[in-house]
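**Q** how would this look folded up:
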Amino acid sequence: MTEKLYYIDSYMFNCSANVLECIEKNGHFETRLDHTVFFPEGGGQPGDSGYIGEVYVFDTHEKNGEIWHYTNEPIQIGSYECQIDTNVRLSRMQCHSGEHIVSGLIHNIFGYENVGFHLSDNDVTIDISGSLSEEDIRKIELLANEAVAKDFEVKTWFPSKEEAAVIPYRSKLDIEENLRLVEYEGYDICACCAPHVKRSGQIGVIKLLDFANYKGGVRIHMLCGIRALEDYQKKYASVLKISNLLSAKQSEVFDAVERLKTENEKTKHESGALRRALIDEIIKNTLPTSGNLIFFTSLLDVASLRTLVNGAVLKCDGICAAFSGEDGAYTFCMASKSIDLKAKSKEIGEALHGRGGGSPEMICGSVSATRKEIEVYLK
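**A** Numbering: from 1, shown residues only. Model (predicted):
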């Protein structure tokens, strides 16, 4: 079995190791070392990446006690310097350790179980077996950060079966052999195979970002340490830009956006009324014809074009067509009481360099023809 140096010291990020075996499998290579600092995928945490010599390791997995390092090129038998991606490991340890404190607090206070945990490089989620309110979430967040501030030692050990039998630890699985416990004293004792921080203070800030009902319980999104800081920096930059655009204090951005939303809704309603009035005026001033009717505008959207041709088609015996946009880039709507426009849509598309579809009574779409080309075709 591969000696797991990450159990000896989770902050051991490099080592010298011997390659014992390298096999090609499913388009990549899998390498086995005599001992390793690479943590394999497990406990909801992805496997480490890094280098064996000059060869990049993109993933790590465990099979029957052996750690296999995945690469895109072979590694010869011999001795190599090994180095994991330190920043990735540290950020994962911070998030995973923070998850233990949060899950332990929820279990101790509410009696709920952690029934799912996923740690990716973009998101961290915890699935809890019961419901929690916003107030509950903020209470847990505060208590979790108090645990970080205490900076106590994190204990990891392999208890005997006799010891394990009397320890009230959390676990989603019945583990018969090689049980490893991680203890955050006063907060959590849990079976876990992943690397953790040595002291709670090394987690950094714990931020519970969001939560939602999920499979009869709650799914919590969270970040810790450097990832929480990076998330804050991005959101702060975004809020700063919004506050500058709205000339509002950062703490009052939400109120400013609410006012802007109300104003936009009022403007949208007013512009809709104006478009309707414009359409009514156009239809009113349109003289009946035995031929086609053509309208050009830059003010109407598709819905308004549809309203226009629906009303104006009663004043012509041919095709009533309305175009909105700029010369060579029009949105259109056509209606007719005497011509099957669905059957004629291919011909119209070819003639006006566009495409559209609809029913025999009406078609809508877009064309790249000029105004002159449209008038020549329809007149």
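**Q** in stretch 311-322, what counts as buried?
**A** 311-313, 316-322 (16 or more other CB atoms under 10 Å). In short, each C-beta sits where N, CA and C put it, glycine included.
**Q** same question, stretch 10-27
**A** Within stretch 10-27, the residues scored as buried using 16+ other CB under 10 Å are 10, 13, 15, 17, 19, 22.
**Q** Run through who's touching it.
**A** Applying CB atoms under 8 Å, 6 or more residues apart in numbering, the external contacts of stretch 10-27 come out as 5-6, 29-37, 52, 74-84, 86, 89, 93, 195-198.
**Q** Among the buried residues of stretch 311-322, which ones are in strands?
**A** Among those, the ones falling in strands (DSSP state E) are 319-322.
**Q** Now tabulate these in JSON lines and tack on pLDDT and distance to Gly65.
**A** Listed next are these as JSON lines, based on pLDDT from 0 to 100; distance: CB to CB, whole Å:
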{"residue": "Ile319", "pLDDT": "96", "distance to Gly65": "77"}
{"residue": "Cys320", "pLDDT": "96", "distance to Gly65": "78"}
{"residue": "Ala321", "pLDDT": "96", "distance to Gly65": "75"}
{"residue": "Ala322", "pLDDT": "96", "distance to Gly65": "74"}
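**Q** And Tyr187, how far from Ile101?
**A** To Ile101, Tyr187 is 5 Å away according to CB to CB, to the nearest Å.
**Q** Which one of those two is surrounded by more residues?
**A** Ile101 (25 against 22; other CB atoms under 10 Å).
**Q** so what's the backbone phi/psi at the residue of the chain positioned farthest from its centre?
**A** Farthest-out residue of the chain from its mean C-alpha position, per CA atoms, centre = their mean: Ser290, at 57.0 Å. Dihedral pair for Ser290: phi -90, psi -10, per degrees, to the nearest 10.
**Q** so it touches Ser338, yeah?
**A** No. Look at Ser290 against Ser338 with CB atoms under 8 Å: they stay out of range, at 10.5 Å.
**Q** so what sits against both of the two?
**A** 317-318.
**Q** excluding its backbone neighbours, what's nearest Met1?
**A** Distances taken as CB to CB, 6 or more residues apart in numbering place Gly65 nearest to Met1, at 3.9 Å, with adjacent residues excluded.
**Q** same question, Ile279
**A** Excluding its sequence neighbours, the residue lying closest to Ile279 (CB to CB, 6+ apart) is Leu308, at 4.9 Å.
**Q** ok, now Phe332?
**A** Nearest non-adjacent residue to Phe332 (CB to CB, 6+ apart): Phe323, at 4.8 Å.
**Q** buried ones in the helix or strand hosting Val57?
**A** Element membership for Val57, per DSSP states H and E: strand 55-63. The neighbour-count check on strand 55-63 (16+ other CB under 10 Å) flags 55, 57, 59-60, 62 as buried.
**Q** Check the offset of the helix or strand following it from the chain's centre.
**A** Following strand 55-63 in sequence order, the next helix or strand is strand 66-71 (DSSP H and E). Averaged C-alpha coordinates place strand 66-71 at 29 Å from its chain's average position (CA atoms, centre = their mean, to the nearest Å).
**Q** For the strand or helix carrying Gly325, which helices and strands make contact with it?
**A** Using DSSP H and E, Gly325 maps to strand 319-326. Judged by 3 or more CB pairs under 8 Å, 6 or more residues apart in numbering; DSSP states H and E, strand 319-326 is in contact with strand 293-297, helix 302-312, strand 329-336, helix 371-378.
**Q** Only C-alpha atoms, please: export the shortest one in CSV.
**A** Taking Å, rounded to 0.1, in the frame of the first residue of the first chain, the C-alpha atoms of strand 293-297 are listed here in CSV:
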residue,chain,number,x,y,z
LEU,A,293,-49.2,48.1,-47.8
ILE,A,294,-45.7,48.7,-46.6
PHE,A,295,-44.6,50.5,-43.4
PHE,A,296,-41.1,51.4,-42.3
THR,A,297,-40.2,52.5,-38.7
